[in-house]
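Student: The sequence and its predicted three-dimensional model are supplied below.
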Amino acid sequence: MIIEPATDQRLWDDFLTSQPFSPFLQSWTMGEVYRDIGQEPIRLWARDETDIHAICQGIVVPARRGKHVMVQYGPIISDKRVANSEKLLEDLLHALRKIAREKNCSFIRMSPFWSEQNTIPIIGAKSSPLHLLAEHIWYLPLTGKTEDEIFKNMRSTTRNLIRRAEKEGVTIECSCDPIRDVEEFIRLHDETRKRHKFVPYSNAFFRAQVGHFAPSQNVLVYLARFQGRVIAASIHMQFGGETSYHHGASSHEFSKIPASYLLQWTAIRDALRRGDTIYNFWGIAPSQSKNHPFAGVTLFKTGFGGQLLNLMHCIDLPLRKTYYVTRAFEYVRKWKRGF
C-alpha cells in the first residue's frame, strides 16, 4: 500500500462516488473551490497496484487564530478494507501531519463522516472546542419512495405551509444559469447574515462554489418568486446520488410568505425524479437543545420527515505548542456563540 499525493481527478471522484456516503466536500472540485479563495488543497490517497483504498483531502486555512489544515468529512476509507482500516488511517494521517508541519500549520482539524457508533481510534487526537461541520445530520431517504408517500409523512404544519405558498402564488425556479443567478442568492444572503448576525461564507466562496460545480451540473440554484420578486433562494449540491441543501437565504420583508417550504419541496421532488437516493438537509440542533443556534432551522427541516444521523465530534491533531493558545481562545468563542 502506497500513500502519495493524488494526481487524477477522475480516479479520485470515481472512488468517492462508489462509497456508501459520498460527501461532496471531499470531491476534487471542492478543493479547487478553496484554491480560488486562497486556501490550498492537499490530496492524499492510499492505493496498491490496482485500486484506491482511501482518500483524504485537507485544506490549508491561514486563520488568524492559527494556521491549520481542515479535513471536511474525511478521510474516506473503502468499506472493503474494514479489517485494515486503523493501519490505513494511521498511515494516511502520518503523511498528512508531515505535509502540515512543512506548511507551518499548528494543528489538523478533522470532522470525519463517521457515525458515533462506527468510529476509528486516532492516536493523539483531542476533542475539538468547536465543530467544523454539521454533526447532527437530518436526511430523507428517497429510494423506493413516491412523492405522495413523502408528502404524507411530513408534519401537518409543513404540508399546510407548502399548500399556502402555492395558493399565495409563489413559484419556484431551478436556475438554468446558476453562475448568473447566484447573485440573487448573494443579495438575499447578505440581508440574512445582517439580520441574524452570523459569520458567513464569503461572497467569493459562493461564486467559486457555483462556478466550479456548474459545468458538471453538480450545483443547483433555486429561486422562489413572489409578486415578481425573488424572496428566497438556495444553493443545493447534487453529487454521488445525493442532493444536499447547502446554503439558504430569504427576505425579511416577505417573512410571512412560506416560500422556503415550497422551495424545499420542489428540490425534494426534483431529487426523487433524478433517481437520487438521499436528500440531505444538513445540520440540526442536538436533541433537547432549545437554546442551540440551530434550534429554529431544526423545526423547519425535520418537518419534511426523515432520519437523524449523529456523527462523531470534530477532533484536533496538535502539531505545535501554539495550538493550545488557539484551543483556549476557541473555548471562549464557543461559550459566546451558545454552542
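Tutor: Cool, the structure landed. Numbers count the residues shown, from 1 in each chain.
Student: which residues does G305 contact?
Tutor: By Cβ atoms under 8 Å, 6 or more residues apart in numbering, G305 lies in contact with L140, I150, N153, M154, R155. Placement of C-beta: from N, CA and C, glycine included.
Student: And S244, by the same measure?
Tutor: F24, H236, M237, Q238, N280, W282.
Student: now, which of these lie within strands?
Tutor: Among the contacts of S244, the ones falling in strands (DSSP state E) are H236, M237, Q238, N280, W282.
Student: so T298, which of the three states?
Tutor: Following DSSP: H, G, I helix; E, B strand; the rest coil, we place T298 in the helix state.
Student: Mind pulling the model confidence for the residue nearest to F113 when sequence neighbours are not counted?
Tutor: Once flanking residues are discounted, F113 sits nearest to Y73: 4.0 Å by Cβ to Cβ, 6 or more residues apart in numbering. Predicted confidence (pLDDT) for Y73: 97.
Student: Identify the residues contacting Y73.
Tutor: By Cβ under 8 Å, 6+ apart, the residues touching Y73 are P23, L25, Q26, S111, P112, F113, L133.
Student: Let's see that with 6 Å instead.
Tutor: Neighbour list for Y73: P23, L25, Q26, F113 [criterion: Cβ atoms under 6 Å, 6 or more residues apart in numbering].
Student: separation between it and T266?
Tutor: From Y73 over to T266 the distance is 26 Å, taken as Cβ to Cβ, to the nearest Å.
Student: So A204 is in contact with G38, correct?
Tutor: No: if you go by Cβ atoms under 6 Å, A204 and G38 don't touch, sitting 8.9 Å apart.
Student: need the helices for the protein, in chain order.
Tutor: For the chain, applying DSSP state H gives helices covering 9-17, 28-36, 85-102, 147-152, 156-167, 178-196, 203-213, 259-274, 295-302, 323-337.
Student: Indicate which one of these is closest to I77.
Tutor: helix 85-102 (5.2 Å; Cβ to Cβ).
Student: Next, the buried residues of that closest one.
Tutor: Using 16 or more other Cβ atoms under 10 Å as the test for burial, helix 85-102 gives S85, L88, L89, D91, L92, L93, A95, L96, R97, I99, A100.
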